[in-house]
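Trainee: output the structure for:
(one chain, ligands or ions: 1)
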Amino acid sequence: MTVITEASIKELAGFKSADTPVVSCYLDVDGRRHIRAKDYLLELESLKKQLLASHPGQNFDADLALMSDYVATHLDRHGVRGIAMFSCAEKKYWKVIRLPVAVANRLSVNQSPVVGPLEAIVHALEPLGVLLVDRQRARMFIFQFGEVVERTELFEALPREYDRRDDASRGSREREQHHIDELTHQHFRHATEAVFRLYQDKGFGRLTIGATDEVYAAVEHELHPYLRERLAPRLHVPVTANETDIAKAAFGIEQIVELEREQAAVTKLRDAIGAGAKGTAGLGPVLAALNERRVATLLVSNGFEESGWLCSCGALAVKGPKCPLDGEEMERVDDVVSDAVDAALLEGAHVVTCEGNADLDVHGRIGALLRY
Ligand SMILES: [Zn+2]
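Mentor: As a prediction, the model looks like this:
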């Protein structure tokens, strides 16, 4: 069993098998959608049928049997919403990664494991800080994959005498109001200090705040600059909400943050292409840029697959069989897009896997921001 990290993804991307393909399977086993094991076993069977139909005459019996056996008899779904399995039975290569998030079902073959979807997940793993705050309370959470991993609360009641307002004279009422404002201000400062401590102790990627407009403005003003930089869109739940509703809202924010990250990368790509510098799109030009080791960030539409060619020197191409770098005879590969993701990771580039981004799709479903 492997835990998902950038290092484990790179290790998978580094496994190559030129003669016999590697079968990669992503399966959604989320208990909220699939109550019974039978449900996702049926999904796996249908994926297998599709794979065999699209690869007539090829034999993946041993790999597919290992996968079915694992899913049917060895899978413990505790804390697991998706699994990734990679098999090259011929070479006794077998890896399983249990995922705390759901994945899109996918079964494909290539000369190395298909790791693009894992890249997308590793970014979704970044914890999210949540602060719910009003004039007296502050509740802080850290969420990961829609679940609470850390919580702390702060309650600062106003002095009791402020509840008895009827007998206050006009002058003392003004003084009283001034004092209340000061206490409220102090409470906001305590709340933002507590969030900063949580950030330093536990760490999180982005911070989302749930508050009324007025409170939000005051709290944002008090935030440490590090945290202000990390502000995500606002969370729309009251400070009294139950944890299930907060978790649901936090999960929504996590998805918005990921979409924003993808869109920011695609916008940068579009601008670079428009300016005619440091950007390229379409499978052929992107493979050429990878061959020249010029790629800083590779952007790819999740699910994009295309056959192509791979040279023993590592070069990738849409058309073969002559290597564009050394003129040697290349090997055919089932999914050169997946090889492009591997090459990018091994070259130290970032990979952004986009979910149905129309702007990237018009650019041929793949693009690259270039180092030079
Ligand atoms: Zn070559």
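Trainee: so I4, which state does it fall into?
Mentor: Look at I4: counting by DSSP: H, G, I helix; E, B strand; the rest coil, its state is coil.
Trainee: confirm C25 sits in a helix?
Mentor: No - judged by three-state DSSP, C25 forms no part of a helix; its state is strand.
Trainee: that one contacts M85, correct?
Mentor: Yes - the criterion here is CB atoms under 8 Å, and C25 meets it with M85 at 4.6 Å. C-beta: built from backbone N, CA, C; applies to glycine.
Trainee: looking at those two, which is more packed in?
Mentor: The neighbour count for C25 versus M85, taken as other CB atoms under 10 Å, is higher for C25 (28 against 22).
Trainee: still on that earlier bit, give me the common contacts of C25 and M85.
Mentor: Overlap of the contact sets of C25 and M85 (by CB atoms under 8 Å, 6 or more residues apart in numbering) consists of M67.
Trainee: list the contacts for whichever residue of the stretch 151-300 of the chain sits closest to the ion?
Mentor: Proximity of the stretch 151-300 of the chain to the ion (CB to the ion) peaks at N291, 8.5 Å away. Counting by CB under 8 Å, 6+ apart, N291 makes contact with G314, A315, L316, A317, P324, L325.
Trainee: go on, E222?
Mentor: Residues near E222 by CB under 8 Å, 6+ apart: F188, R189, A191, T192.
Trainee: what do you get if the cut-off is 10 Å, keeping everything else the same?
Mentor: H185, H187, F188, R189, H190, A191, T192, E193, V195, F196, R228 (CB atoms under 10 Å, 6 or more residues apart in numbering).
Trainee: follow-up on the earlier one: look up how far I273 lies from the residue of the stretch 151-300 of the chain closest to the ion.
Mentor: The gap separating N291 from I273 is 19 Å, by CB to CB, to the nearest Å.
Trainee: what's the lowest-mean-pLDDT helix or strand in the chain packed up against?
Mentor: Sorting the helices and strands of the chain by mean pLDDT, DSSP states H and E puts helix 116-124 at the bottom, at a mean of 80. Applying 3 or more CB pairs under 10 Å, 6 or more residues apart in numbering; DSSP states H and E, one finds that helix 116-124 contacts helix 6-13, strand 22-28, strand 82-88, strand 93-99, helix 243-275, strand 295-301, helix 336-346, strand 350-354.
Trainee: and the contacts of whichever helix or strand comes after the second one?
Mentor: This points to strand 22-28. The helix or strand immediately downstream of strand 22-28 is helix 37-54, counting by DSSP states H and E. With CB under 10 Å, 6+ apart as the contact definition, helix 37-54 has outside contacts at 23, 25-31, 33-34, 36, 58-61, 63-64, 67-68, 70-73, 75, 77, 82-83, 85, 105-109, 305, 334.
Trainee: circling back: can you check the pLDDT for the residue of the stretch 151-300 of the chain closest to the ion?
Mentor: On pLDDT, N291 comes in at 97.
Trainee: can you check T2 too?
Mentor: We have a pLDDT of 56 for T2.
Trainee: go on, L259?
Mentor: Note for L259: predicted pLDDT of 88.
Trainee: what sits against it?
Mentor: Contact partners of L259, counting by CB under 10 Å, 6+ apart, are C354, E355, G356, N357.
Trainee: residues near the residue lying closest to D342 once chain neighbours are set aside, how many?
Mentor: Nearest non-adjacent residue to D342, counting by CB to CB, 6 or more residues apart in numbering: A13, 3.9 Å away. Using other CB under 10 Å, A13 has 24 other residues around it.
Trainee: ok, now Q186?
Mentor: By the criterion of other CB under 10 Å, Q186 has 11 neighbours.
Trainee: just the element for it, please.
Mentor: Counting by DSSP H and E, Q186 is found in helix 170-201.
Trainee: chain center to that helix, what's the gap?
Mentor: Chain-centre distance of helix 170-201: 36 Å, with CA atoms, centre = their mean, to the nearest Å.
Trainee: how far off helix 243-275 does whatever helix or strand comes next after it point, in degrees?
Mentor: For helix 170-201, the succeeding helix or strand toward the C-terminus, using DSSP H and E, is strand 206-210. With axes from the mean of the first three to the mean of the last three CA atoms, to 10 degrees defining the directions, strand 206-210 sits at 130 degrees from helix 243-275.
Trainee: other SSEs contacting strand 206-210?
Mentor: Here strand 206-210 touches strand 128-133, strand 137-144, helix 170-201, helix 213-222, helix 225-229, helix 243-275, going by 3+ CB pairs under 10 Å, 6+ apart.
Trainee: domains in this structure, by residue range?
Mentor: Segmentation of the chain into domains, based on automatic domain parsing, reads 6-114, 128-258, 278-370.
Trainee: in the stretch 51-200 of the chain, where is pLDDT below threshold?
Mentor: 124, 146, 159-171 (pLDDT under 70).
Trainee: ok, the residue in it that the ion sits nearest to to A315 distance?
Mentor: As assessed by CB to the ion, the ion sits closest to Q111 within the stretch 51-200 of the chain, at 14.7 Å. The gap separating Q111 from A315 is 14 Å, by CB to CB.
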